[in-house]
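Undergrad: Return atomic coordinates for the entry below.
(one chain, ligands or ions: 1)
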Amino acid sequence: MEKNEGVLTEDEISNSLSELGNSATGLAAYQCLSMPGRGLKTISVLCNYIHLQRLELPHNNIKDLSCVSHMPYLITLDASHNQITDFFGFQPPKNLKEVDLSHNQMAVMTDLSAHYSLRQLKLDYNCFSEICGLEHCASLRHLSLAHNKISRINGLDNLPLKNLCLRGNQIERVEGVDTLKTLRVLDLSLNRIGSLSGLQELRALASINLEGNLISEIKEVAHIHELFLLRDLNLLSNPVQEEPDYRLAVMFLLQHLTCLDQEKVTAEEKVSAVNKYDPPLEVMAARDHMTHMMYQLMQPQVIYESTLPSLDTPYPMLVLTGPQACGKRELAHKLCQDFSDFFAYAACHTTRGPYFGEEDGSDYHFVTEEDFQNMIHMGGFIQTVQYAGHWYGLSRAAIEEVARQGLACCLHMELEGVFGLKNSYFEPRYILLIPTDKEWYAGRLMARALYTHPQIHQAVARVDTYARIDSERPGFFDNVIPCDDLVEAYGKLRQVLTEYLGLEELEGSDRKTVVTPENTSTVLTRGSLVDEDSQAPPAGSETGHVTLSDPDMDPPDQNRLLTQLSPQNTSAELASIHRRQQRVREALAGKSSGVYAGLFKRSPQTAPSTLASQMLQDPAFLSPMMPSHASKHHQSENSSSEDSRAGSGLSVPSSAGAITEAAGPAWCSDVKHSALEENLDTLEDAVESGRSPISPRPGSERLSPAASTRPGSNVKPVLPPIPSGRKTPLPWTLRQENEE
Ligand SMILES: Nc1ncnc2c1ncn2[C@@H]1O[C@H](COP(=O)(O)OP(=O)(O)OP(=O)(O)O)[C@@H](O)[C@H]1O
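TA: Below is the predicted model:
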């Protein structure tokens, strides 16, 4: 019969009841009625079913829900997919917790303050244009108003919501949500939102869906940067997806994300993001290193003075590091002046212009940006950094220039440079000069009148970075010296250097000495170094006196040393040696361009080690080297390593440092006659046959790296004494020889 169509009957109900149990009144009763998709229109018969706790009537044609007023124990109501127009058209069951009225035809929300138990409310696919009436729903946790006509978010203040869905509305701005302190999941997808501003206060948010909005700039993500609990973000179908490196950029800004745009964030992606946008110093240095290695490899290969392979004695370098303007440059210059027999200053290249008083080639090589880039492409740099908007770089040429003089490099650089050098084949000593008094340091920077306030602020902040690296990585710096007082700092520096060079043992020796620092003494004032000849040596520097042997050494002393160091040769051998030494000196003095000159301008075919060994036999050359004979380090070496040096060091390709090792004190004192002879033969053969004297002899062995490690370290070789044979004897010895 047509008149009953869509009218719910008791028979139908009895077939659909379930969950028999005790009702609130103590009677046994069915608690659940589920009748989805039955074409129901009229359900007034349900007024008699007062014990129902769950009523499910989705996908019907119901317009009137007033029967619910008779169900005081109702907890869950599902009347979705019906034709309801009246919003909550029933008296509130006091325990009603979950209501689904999605897919109906309601347009206006009314006051729900009587529904204080309501926890979950689904009102999707209706016609609401405004959110209201929820102010007193103090239990509401889940609210869904997807696919309505809402254009503004309001009426939600202070609700204890955990989950809010406003998908598919017409919302243009995120607003009215800042009081939702407990909100964990927010769905604002398919709206017209162009900015994430307004979300920054939602600290409990774990998931945000903004798919299909109008967010176009990555910087918008910064608004949610501090939502530390955020794990899931969906920005699919937003214009921002077109931004280059969008995904990495978002991951970098939101490092706690585990899911972006419905895709899991991998650990590799996170690392790439950090490496791209805030690379750690190691990563920057590694990239820099790779660049320079690549460009260097593209150039014709050259064997460098400083880099000839030697496992045990890398080319000696001293790096003073520390924050900008902490005094390291002045100290480096001063050191090179006072230890001029050992060190020379290696000037880096920079694209910044010279400050007043700075000279090209002395403090820096000042070059244009274009020249600097060209040098990079020509493989000219060991490392480069950008600092304060300018490029700085240590060139191979700068090191080579010093190495050719037979000296060690002394240079200064920022932390980034240290990381860079640590990737290279050099193994410098790193001395950190660190201001401990930040106020003084800031004052020093200000006094220079060269830096802006932000630059000063940055430089002062870097003091902490240096301190952190030092504490986090023991051994990263070989020494740390406070530099608030440059006088004291220099004293300590000298002391350290003296120890490195093994010079301290000559203190108090009976040998006549020249104490270089006194002769070129400098008065150091806090913050500056001022040359003042004939002044007393700097305070605190007493222990650091450099004791060099005197070219005017008494003949008996010289004879004693000669006897100690020279094998007993026949008169013919001595004459031959003498002739060759003479030719070496002439080459050194630029008087002849014979084969020896070629040796000094080391070509890939030649090595100075053999030559240096020859010169060892000449007292004139030996004299300036004598201080290093007292090297503590060498004395502590065991005899087997010394033997191995004598037997092999001279014929193995070696760096300038290796020459020094060969010429070093332990070697000198214990050297075997045969080793020297063999070495001389090597040179002679090479000269006569045109064969390279660096070709290893059969059976020769490389030195064990362990042989030259310093006490307390089994990784880094001692800063080798610097070969003085090729530099210092010239003025005195050559003059004397020539006069003869
Ligand atoms: N090749 C390099 N690698 C890394 N850092 C470098 C390099 N060359 C120079 N630096 C450092 O760059 C910083 C800026 O140098 P700059 O000379 O412009 O400033 P400054 O105020 O004169 O500093 P300082 O007195 O310490 O040299 C300094 O700390 C300097 O040591």
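Undergrad: Now the residue lying closest to L281 once chain neighbours are set aside: which helix or strand?
TA: Among residues not flanking L281 along the chain, F419 sits closest, at 4.6 Å (C-beta to C-beta, 6 or more residues apart in numbering). All C-beta spots, glycine's among them, are computed from the backbone N, C-alpha and C. Applying DSSP states H and E as the criterion places F419 in helix 415-423.
Undergrad: circling back to that earlier point, count of residues packed around the residue nearest to L281?
TA: By the measure other C-beta atoms under 10 Å, the count of residues near F419 is 23.
Undergrad: contacting residues for I431?
TA: L318, V319, L320, T321, F477, D478, N479, V480, I481, L493, V496 (C-beta atoms under 8 Å, 6 or more residues apart in numbering).
Undergrad: For the stretch 201-350 of the chain, which residues score under the pLDDT cut-off?
TA: Along the stretch 201-350 of the chain, segments meeting pLDDT under 70 span 307-312.
Undergrad: With E172 as the reference, measure out to G380.
TA: 56 Å (C-beta to C-beta, to the nearest Å).
Undergrad: Pick out whichever of these two has more residues nearby.
TA: Taking other C-beta under 10 Å, G380 and E172 do not tie; G380 has more neighbours (22 against 15).
Undergrad: was I right about the more buried one contacting S395?
TA: Yes - if you go by C-beta atoms under 8 Å, G380 and S395 touch, sitting 5.1 Å apart.
Undergrad: contacting residues around the residue nearest to F128 when sequence neighbours are not counted?
TA: Distance criterion C-beta to C-beta, 6+ apart; nearest residue to F128, sequence neighbours excluded, is N148 at 4.2 Å. Listed by C-beta under 8 Å, 6+ apart, the contact set of N148 reads L123, D124, Y125, N126, C127, F128, S129, G168, N169.
Undergrad: Looking at the chain, which residue is nearest the ligand?
TA: Residue nearest to the ligand within the chain: G417 (2.7 Å; C-beta to the nearest ligand atom).
Undergrad: And the pLDDT for that residue?
TA: Per-residue confidence (pLDDT) for G417: 96.
Undergrad: residue contacts, it?
TA: With C-beta under 8 Å, 6+ apart, G417 has these contacts: V319, T321, Q383, V385, Y392, L394.
Undergrad: mind running it again at 7 Å?
TA: Taking C-beta atoms under 7 Å, 6 or more residues apart in numbering, we find G417 in contact with Q383, V385, L394.
Undergrad: T291 versus the first one, what's the distance?
TA: This means Q383. Distance of Q383 to T291, computed by C-beta to C-beta: 10 Å.
Undergrad: Which one of those two is surrounded by more residues?
TA: Set side by side, Q383 and T291 show more neighbours around Q383, with 25 against 16, by other C-beta under 10 Å.
Undergrad: relative to helix 415-423, how tilted is the lengthiest helix in the chain?
TA: The longest helix of the chain (DSSP state H) is helix 453-472. For helix 453-472 against helix 415-423, the angle by axes from the mean of the first three to the mean of the last three C-alpha atoms, to 10 degrees is 40 degrees.
Undergrad: Give the other helices and strands that the next helix or strand after helix 453-472 contacts.
TA: Toward the C-terminus, helix 453-472 is succeeded by strand 479-482 as the next helix or strand (DSSP H and E). Under the contact definition 3 or more C-beta pairs under 7 Å, 6 or more residues apart in numbering; DSSP states H and E, strand 479-482 sits against strand 429-434, helix 486-501.
Undergrad: repeat that with 10 Å
TA: strand 429-434, helix 453-472, helix 486-501 (3 or more C-beta pairs under 10 Å, 6 or more residues apart in numbering; DSSP states H and E).
Undergrad: okay if I get the ones you listed as TSV plus distance to the ligand?
TA: Output for these, formatted as TSV (distance: least, C-beta to the nearest ligand atom, whole Å):
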stretch	distance to the ligand
strand 429-434	9
helix 453-472	8
helix 486-501	11
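Undergrad: Turn these into TSV, including distance to R231 and mean pLDDT.
TA: Shown next, in TSV, are these (distance: least, C-beta to C-beta, whole Å; pLDDT from 0 to 100):
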stretch	distance to R231	mean pLDDT
strand 429-434	40	96
helix 453-472	29	94
helix 486-501	50	91
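Undergrad: Give me the average confidence score over the helix or strand hosting E439.
TA: Secondary structure assigned from DSSP H and E places E439 in helix 438-447. Mean pLDDT, computed over helix 438-447, is 92.
Undergrad: on contacts alone, who are the packing partners of that helix?
TA: helix 453-472.
Undergrad: what does the helix it packs on contact?
TA: Residues lying outside helix 453-472 but in contact with it, judged by C-beta atoms under 10 Å, 6 or more residues apart in numbering, are 281, 321-326, 387-389, 414-415, 418-419, 432-439, 441-446, 448, 450-452, 476-477, 480.
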